[in-house]
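Enquirer: sequence below, structure please.
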Amino acid sequence: MDEYDFVIIGAGLSGVDAAYRLKTMLPECSYTVLEARDQIGGTWSFFNFPGIRSDSQLTLFGLPWRPWLEEKDMADAALIRQYIQDAARDEGIDKKIQFSHRVTEAHWLSEEQQWTLVVGTGTNGGGPTKQYRARWVISCSGYYDYENPLKTEIPGIGNFKGTIAHPQFWPSDLDWSGKRVVIIGSGATAVTLLPSIAKTAGHVTMLQRSPSYVLTLPSVSPEGVWIKKYLPAWLAHPLNWWRCFLTETLFVWFNLTFPNLARRLHLFLMNKQLPADVPVDVHFNPRYKPFEQRLCICPDGDFFKALHQDNCAIVTSTIRAVEEDGIMIESGEKLDADIIITATGLHVQLLGGVIPTVDGKPVDIASSLAWRGMMLSGVPNLATIIGYTIQSWTLGADASIQMLIRVYKHMRRIGATSAVPVHEGDLTLSRPVVSHSSTYFVTAEKRLPRITGRSPWYGRKNPVYDRFMLWFGSITDGMMYVKPGKKNQ
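Expert: A predicted model of the protein is given here:
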């Protein structure tokens with residue numbers, strides 16, 4: 001049985017970042033990365049629907065220690081995947097990754113002060129099982145289920161005689177050239193798909209139940225290009241990083257602090273880009289405030305440009321029933337379709353769907369409180385890395401990883417063998433660690449840990465606060481450190 005100080009689950013962006021931080025900040029510790037699939041990249045090697053790209057600036061979304069050198073700051077999946085793979089190779093992290101290793105069970109034994117992981121090998125973990133032991137487990141498996149999308153009831157969908165495609169399992173041989181396509185959804189995936197599908201489709205309709213905010217940003221920043229061109233690399237990268245960081249942080253702050261003003265600004269900007277026959281009040285007037293859900297980003301206005309084409313339309317309505325050759329909506333209009341794309345969201349889950357046990361007792365994740373957004377109350381030596389869901393993910397993920405290393409160093413300094421978040425308060429006033437109004441997060445509330453909003457029982461706040469807490473926040477408040485032969489410290 002292989003034994004490690006740390007086992008990282010997942011070889012996506014967060015997993016590679018965690019491996020780098022362990023390698024550089026805890027070089028004396030052993031680690032391995034267990035990846036269920038057969039390649040590095042996580043989201044960026046999994047999804048392959050048309051047009052998939054980042055909706056965050058790679059200067060911030062990328063690895064903090066690996067400058068993003070491409071001119072395009074909002075890049076497609078292939079570039080991001082290559083970037084992650086190159087980073088892992090250059091740092092020797094790829095040699096620590098064990099592919100086709102799916103963690104299926106995780107058991108903590110207090111008597112041994114370590115985790116035992118049961119791992120299925122081969123395709124989908126269906127091969128022989130192996131066991132690993134680890135002092136710490138770092139879950140970098142993201143927040144959605146790779147195997148199952150969000151289950152959405154679409155009346156009469158079984159009646160449809162054409163092709164049904166879900167972006168999470170995109171058919172590589174799907175040909176939409178000249179076809180009538182209906183995209184069901186209004187989120188980032190639908191906004192990404194429409195301009196890509198419209199290039200060759202006969203007609204594309206985006207059918208949404210309710211509108212979203214769609215913000216146009218340049219895929220190439222003139223300021224960023226100038227900085228990279230005329231300044232030395234050692235200065236250009238940090239300067240670009242701070243430029244993007246301040247811009248994004250201030251923009252989010254403005255939206256959250258002045259939501260009504262921000263709402264009017266978004267509606268004004270969207271209305272300027274829409275065709276005259278697409279009213280903003282009907283199709284782009286969300287029922288929620290900005291950043292109660294993540295904004296949909298369209299690089300260079302590609303989404304709005306597509307709506308100016310004769311073969312594109314947007315419809316805001318609910319579905320009455322799907323018929324053999326189209327969708328009947330509540331207004332009585334029928335949307336003819338050869339292909340229906342169900343861009344209806346993700347099935348949210350943590351820890352890759354694994355329910356850990358502590359001394360034989362399964363952990364009730366929904367009854368756990370999240371210590372600084374990364375550890376579960378009552379669960380020793382386990383970190384679940386969650387980044388920002390309304391800003392660049394990696395900013396939050398990296399802060400959590402470095403906070404974990406602070407905890408480990410303190411644990412080692414005092415001679416402890418485990419760190420256990422402890423909370424004995426009332427959960428009545430708590431809320432999910434990710435408090436979004438997006439349907440797929442609302443339906444996942446019973447699968448997510450809770451937060452109170454008061455330190456240290458909070459989730460992601462903002463990069464400034466989280467960095468401050470990383471450097472100066474208490475690592476003993478709400479944390480019990482267990483020493484050999486003693487109950488706590």
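Enquirer: packing partners for the lowest-mean-pLDDT helix or strand in the chain?
Expert: Least confident helix or strand of the chain, by mean pLDDT, DSSP states H and E, is helix 439-442 with a mean of 74. Packing partners of helix 439-442 (3 or more C-beta pairs under 8 Å, 6 or more residues apart in numbering; DSSP states H and E): strand 346-348. Where you see a C-beta, it was placed from the backbone N, CA and C, and this is true even at glycine.
Enquirer: gap between the strand it packs on and the chain center?
Expert: In terms of C-alpha atoms, centre = their mean, to the nearest Å, the centre of strand 346-348 is found 10 Å from the chain centre.
Enquirer: now swap in stretch 412-426 and tell me
Expert: Averaging C-alpha positions (C-alpha atoms, centre = their mean) puts stretch 412-426 28 Å from its chain's average.
Enquirer: domain ranges for the protein, per the record?
Expert: As assigned by automatic domain parsing, the chain contains the domains 2-146+347-482, 151-344.
Enquirer: could you look up the next helix or strand downstream of the longest helix along the chain?
Expert: Criterion DSSP state H: the longest helix present in the chain is helix 233-257. Sequence-wise, the next helix or strand downstream of helix 233-257 (DSSP states H and E) is helix 259-273.
Enquirer: what's next to the helix or strand following that following helix, contact-wise?
Expert: Following helix 259-273 in sequence order, the next helix or strand is helix 280-283 (DSSP H and E). For helix 280-283, the external contacting residues (C-beta atoms under 8 Å, 6 or more residues apart in numbering) are 208, 211, 267, 270-271, 274, 314, 316.
Enquirer: now do helix 280-283, average pLDDT.
Expert: In this model, helix 280-283 has a mean pLDDT of 96.
Enquirer: buried ones in it?
Expert: By 16 or more other C-beta atoms under 10 Å, the buried positions in helix 280-283 come out as 280, 283.
Enquirer: distance from the chain centre to it, please.
Expert: Chain-centre distance of helix 280-283: 28 Å, with C-alpha atoms, centre = their mean.
Enquirer: His237 and Pro67 touch, don't they?
Expert: Yes - if you go by C-beta atoms under 8 Å, His237 and Pro67 touch, sitting 4.1 Å apart.
Enquirer: show me the contact partners of stretch 214-224.
Expert: For stretch 214-224, contacts defined as C-beta under 8 Å, 6+ apart pick out 57, 59, 71-75, 191, 240, 243-244, 266, 269-270, 273, 284, 295-301, 303-304.
Enquirer: hmm, I was thinking of stretch 426-445
Expert: 143, 150, 187, 288, 292-294, 344-349, 366-367, 369-370, 373, 386, 389-390, 448-453, 457, 459-460.
Enquirer: give me the buried positions along that stretch.
Expert: By 16+ other C-beta under 10 Å, the buried positions in stretch 426-445 come out as 430, 432-436, 438-441, 444-445.
Enquirer: same question for stretch 341-361.
Expert: By neighbour count with 16+ other C-beta under 10 Å, stretch 341-361 contains the buried residues 341-354, 356-358.
Enquirer: do stretch 93-111 as well
Expert: Those would be 93-94, 96-98, 100-103, 106-108, for stretch 93-111 by 16+ other C-beta under 10 Å.
Enquirer: state the phi and psi torsions of Val407.
Expert: For Val407, the backbone dihedrals (degrees, to the nearest 10) come out as phi -60, psi -40.
Enquirer: and the pLDDT for it?
Expert: pLDDT recorded at Val407 is 97.
Enquirer: cool, Gly425 as well?
Expert: Note on Gly425: pLDDT of 68.
Enquirer: also the one 4 residues further on?
Expert: Note for Leu429: predicted pLDDT of 72.
Enquirer: next, it: secondary structure please.
Expert: Three-state assignment for Leu429 (DSSP: H, G, I helix; E, B strand; the rest coil): coil.
Enquirer: what does stretch 162-178 contact?
Expert: Residues outside stretch 162-178 that contact it (C-beta under 8 Å, 6+ apart): 47-50, 146, 149, 157, 189, 193, 197, 200-202, 325, 337-343, 346.
Enquirer: oops, could you answer that again for stretch 77-95 instead?
Expert: 11-13, 16, 19-20, 23, 33, 39-42, 44-45, 47-48, 52-54, 58, 62-63, 66, 68, 70, 72, 75, 97.
Enquirer: give me the buried subset of the residues you listed.
Expert: Looks like these have 11-13, 16, 19-20, 33, 39-42, 44-45, 47, 52-54, 58, 62-63, 66, 68, 70, 72, 75, 97 buried, using 16+ other C-beta under 10 Å.
Enquirer: how many neighbours does Gln114 have?
Expert: Neighbour count for Gln114, taken as other C-beta atoms under 10 Å: 21.
Enquirer: ok, it - contacts?
Expert: Counting by C-beta under 8 Å, 6+ apart, Gln114 makes contact with 3, 108, 133-135, 381.
Enquirer: from the contacts of helix 280-283, list the buried ones, please.
Expert: Neighbour-count burial (16+ other C-beta under 10 Å) applied to these gives 208, 211, 267, 270, 274, 314, 316.
Enquirer: doesn't Met206 make contact with the last one?
Expert: Read it as Thr316. No - in this structure, Thr316 is not within contact of Met206 by C-beta under 8 Å, at 9.3 Å.
Enquirer: tell me which of the contacts of Gln114 fall in strands.
Expert: Among these, DSSP state E puts 3, 108, 133-135 in strands.
Enquirer: right, and the pair among the residues you listed with maximum separation?
Expert: Largest separation among the ones in strands among the contacts of Gln114 by C-beta to C-beta: Glu3 and Trp108, giving 14.6 Å.
Enquirer: going along the chain, name the helices of the stretch 1-150 of the chain.
Expert: 13-25, 43-46, 58-61, 77-90 (DSSP state H, counting those that start in this stretch).
Enquirer: how about the helices in the stretch 351-489 of the chain?
Expert: 393-413, 439-442, 463-472.
Enquirer: list the buried residues in the last one.
Expert: Translated: helix 463-472. Neighbour counts over helix 463-472 (16+ other C-beta under 10 Å) mark 463, 466-467, 469-470 as buried.
Enquirer: packing partners of that helix?
Expert: Helix 463-472 packs on helix 233-257, helix 393-413, going by 3+ C-beta pairs under 8 Å, 6+ apart.
Enquirer: pick the most buried one from the ones you listed.
Expert: Of the helices and strands packed on helix 463-472, the one with the most neighbours on average (mean count of other C-beta atoms under 10 Å) is helix 393-413, at a mean of 21.
Enquirer: for that one, name the packing helices and strands.
Expert: helix 13-25, helix 58-61, strand 129-139, strand 382-384, strand 418-421, helix 463-472, strand 479-482.
Enquirer: mind putting these into CSV with mean pLDDT?
Expert: Below are the helices and strands packed on helix 393-413 laid out as CSV (pLDDT from 0 to 100):
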stretch, mean pLDDT
helix 13-25, 98
helix 58-61, 94
strand 129-139, 97
strand 382-384, 97
strand 418-421, 98
helix 463-472, 87
strand 479-482, 97
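Enquirer: tell me which of these sits nearest to Tyr230.
Expert: Tyr230 lies closest, by C-beta to C-beta, to one member of those: helix 58-61, at 16.6 Å.
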